[in-house]
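1. coordinates for the following, if possible.
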Amino acid sequence: MNALLRAALVVLLLACVFPATAQDWSYRVRPGDTLWDLGSRYLKPSVSWHSLQAHNRVANPYQLPPGQTLRFPIAWLRVEPAPARVLAVRGPVQVSAAHLSSRAVQEGMTLGIGSQIQTGADASVTLVFADDSHLQLRENSQLQLDQLSSYGDTGMVDTRIRLQRGRSSNRVTPARGPASRYMITAPTATSSVRGTVFRVSAGNGAQQAPATEVLEGRVQVGNRGGDELVDSGHATVSSSASQAPAKAQPLLPAPQLDPARLRLESLPLLAAWQPLAGASGYRVEVVQAQAPEVLLFARDTATPELHIDDLPPGQLRLLVRAVAADGTEGRDAERDFPVPDGPQPPLTLAPLHGQTVHQPQPRFEWAMVPDAAASVVQVASDALFLQPLVEQQTRSNRLRPKTELAPGNYFWRVASLDAQGQRGRFGQALPLQVSDAPVDPQLESAKAAKGYFTLRWQAGEPGQRYRVQVARRGDFSKPLLDQETATPEIALKRPWRGGTLHVRVQTIDDDGYAGAFSPVQQVRLPCGLCYGAGAGALLLLAL
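-> All right, here's what the predicted structure looks like:
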C-alpha cells in the first residue's frame, strides 16, 4: 500500500469522527494557502490543522487547489474580544463597568463586555461594532453590552445587548457566516437579526409595552411564550415575558411635510408637516445626511410643527415620524438641507433689543466680523422670517432700508458673507417697534445724558457670569475695561476720543470654569457718538 493510499484511508477514518455539520464556516482557497497556515490563522490553539484536513477529506495537505471550499466548524474557530467604538456623543452620557466608577463617554472611546451606558434627558450616543453595525441609544436610556466577540478574521461577530430602559435604533450589517449574531434583549422579548434596520423600545411601564419596529429586512422577536417574525414596515409589541409577542401590525406611514410652512433655509428652522390620522404625537430628529446614525437634534412634540434654534454646520437630514397610541414609531419623512459654515453672526449695535424707533426707515448698525466681506440684513413681522419685508446686502456695518416700514412690531437680524459670497448664520432675531408718535424728550436715557454707553450681549445659562474686555488695540494688552458682571450687559463712560474699540466676552460657569473668549469684534464710534449729546446705548448681540 503506497503512501498516498494510506493518507486517503486516514482521511476517510477521521471524517467519520468529525462529520460535516450545518454550523460550518466556509473558506475559498486562494493561491499559496496551506492547511497549517489556515489553521494558525483561524483555529483555536487547541485544534490541530490535521483535524481540519480530516474534516474536509483533504488527501494531500501539501497541495490545495485554488477555488476549493474548506469548511471550518464554528466550535473550532478562534474567538477574540471585539469592543464597541463610540462614534458620536450628544449631551451627557455615562458608562460604568464592574469594579470601575462611572465616567463620561467620549467620542472614540472603546467599550468592552459588561459596559453599562446611560444617556441623559437630552443626550444620545452612537456605537459601532466590529462588523460595522451601528446602534444609536436615545435619551433617557440604559444599555448593557453582554457579548462582544469576533471569530478571528472570518468577519463573523457575536453581539448581544440588553436594553434595560429607553429606545435604540439599529442598522445591522448582513451576516457573514452562520455564527454572525446581533441580539437585543428588552424587558419582555429578544430581537434577533442577521442584517436589517430596526428600532427597539424597552417600554415605559403600564402605558407603553416594549416594542420592535422593523424598517428594513426581518426581525425574529421572541420570549418563552413564543416567537413572531416581523417583516419590513411592521411592529410588534411584547406586553409580557411569558406571553408571545403580539401579531405584527403595519407602522404608521411617514407624515407629509408641509412646503407652505416648512423653512430649512436658515436658522432658526421650522419643521412643519400635515397632521396624520392615528398619531398621538410626533418624533423629530436631525441627523448627518451621510451618517444618519449620528443624532444631532431630537424632540418629541404633540403638534405638527417644531422650531429648531441651533444646529452644527454641514449637510443634514430632517426626520419626522408619527407615534401611535401604543408608543410604536412609524416611518420617517425625510428632507436633506445644508447648514452653512460661513462667518459667525455679527454683534448688533442698534437699534437696541425691543427699542421703539420713531423713523419709518431706521438705521441698523452692527460690528464687523473678521474675514467678513459683506453683510445681509433682514426685517420681518415674524420671528421666523417666513416672509422677510426687507433683505439688503451691504459692505458697510450700517444700513438704512430702501423702503419705509409702517408703524408696528418687527424683528431684525444680520448675517455675514465671506469673500466668496457664502452667507453665515443669522444672529438672534431682535424685536423692534416702529412708531409714528412724536418723540417724548422725557424718555431719554439718563446714562446717555451723563456720557455713558452700554454693551449688551445674549444671556447664557442661569448662574453664569461674564468677563468683558474693551480695548483700543486688538491684542488687549492695555484694556480700557476688564470687568466681571453677573448680568449680560455693562455700562462704561464714553471715551474722550472716537475711533475703533475692540470687544470680547468670556463666559464663566457657576463652578468657576472659564470658557474661551469670543472672537474679537470691532465697534466704530463716530465723533457724533463720542461727543454729541444724547449718545444712545449700544447693543451687542450674543456670541
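2. when you work out contacts or count neighbours from here on, use the C-alpha atoms and nothing else.
-> Noted.
3. which residue ranges form the strands in the stretch 401-543 of the chain?
-> Secondary structure of the stretch 401-543 of the chain by DSSP state E, counting those that start in this stretch: the strands cover 408-417, 430-434, 452-456, 465-471, 479-485, 489-493, 499-508, 521-525.
4. sheet partners, orientation included, of the second one?
-> If I follow you right, that is strand 430-434. Strand 430-434 pairs in its sheet with strand 355-357 (parallel), strand 408-417 (antiparallel), by DSSP bridges.
5. pick the most deeply packed of the ones you listed.
-> Neighbour counts (mean count of other CA atoms under 10 Å) averaged over each of those peak at strand 408-417, with a mean of 23.
6. from the middle of its chain, how far away would it be?
-> How far strand 408-417 lies from its chain's middle: 28 Å, per CA atoms, centre = their mean, to the nearest Å.
7. which residues touch that strand?
-> Here strand 408-417 makes contact (CA atoms under 8 Å, 6 or more residues apart in numbering) with 342-346, 348, 366, 369, 372-383, 423-435.
8. rerun at 6 Å
-> By CA atoms under 6 Å, 6 or more residues apart in numbering, the residues outside strand 408-417 that reach it are 343, 345, 372-381, 383, 423-427, 429-434.
9. which stretch among the strands paired with strand 430-434 comes nearest residue 37?
-> For those, proximity to residue 37 was assessed by CA to CA; strand 408-417 is nearest, at 61.8 Å.
10. low pLDDT regions in the stretch 401-543 of the chain?
-> The model of the stretch 401-543 of the chain has pLDDT under 70 over residues 438-451, 460-461, 495-497, 510-511, 513, 526-543.
11. actually, the chain.
-> By pLDDT under 70, the weakly predicted segments of the chain are 1-22, 206, 438-451, 460-461, 495-497, 510-511, 513, 526-543.
12. measure residue 224 to residue 105 for me?
-> Distance, residue 224 to residue 105, by CA to CA, to the nearest Å: 35 Å.
13. more neighbours: these two, which one.
-> Remark: of residue 224 and residue 105, residue 105 carries more neighbours, 23 against 14, as counted by other CA atoms under 10 Å.
14. contact partners for the more buried one?
-> Per CA under 6 Å, 6+ apart, neighbours of residue 105: 93-94.
15. go again using 10 Å as the cut-off
-> The contact partners of residue 105, taken as CA atoms under 10 Å, 6 or more residues apart in numbering, are 86, 88-96, 111, 117-119, 125.
16. scan those residues and report the most crowded one.
-> residue 125 (28 neighbours).
17. partner residues bridging residue 285?
-> When assigned by DSSP bridges, residue 285 has beta-bridge partners residue 298, residue 319.
18. pretty sure it sits against residue 317.
-> Yes: assessed by CA atoms under 10 Å, residue 285 is found in contact with residue 317 at 8.3 Å.
19. give me the common contacts of these two.
-> Both residue 285 and residue 317 are in contact with 295-296, 334, where contact means CA under 10 Å, 6+ apart.
20. in TSV: these, plus neighbour count and distance to residue 399.
-> Below are the shared contacts of residue 285 and residue 317 laid out as TSV (neighbours: other CA atoms under 10 Å; distance: CA to CA, whole Å):
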residue	neighbour count	distance to residue 399
295	22	39
296	21	36
334	18	38
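21. what's the closest of the residues you listed to residue 64?
-> Distance to residue 64 across the shared contacts of residue 285 and residue 317 (CA to CA) is lowest for residue 295, with 49.1 Å.
22. that older thread, give me the more crowded residue out of residue 285 and residue 317.
-> Using other CA under 10 Å as the criterion, residue 285 and residue 317 rank with residue 317 on top: 21 against 17.
23. where does the more buried one land in three-state SS?
-> strand (DSSP: H, G, I helix; E, B strand; the rest coil).
24. so the spatially most central residue of the chain: helix, strand or coil?
-> Nearest to the mean C-alpha position of the chain, by CA atoms, centre = their mean, lies residue 296 at 2.1 Å. The local conformation at residue 296, judged by three-state DSSP, is strand.
25. ok, it touching residue 287?
-> Yes: assessed by CA under 10 Å, residue 296 is found in contact with residue 287 at 5.3 Å.
26. what do these two both touch?
-> Jointly contacting residue 296 and residue 287 under the rule CA under 10 Å, 6+ apart are 311, 316-317.
27. quick one: which of those is nearest residue 74?
-> Using CA to CA, those come closest to residue 74 at residue 317, 41.3 Å.
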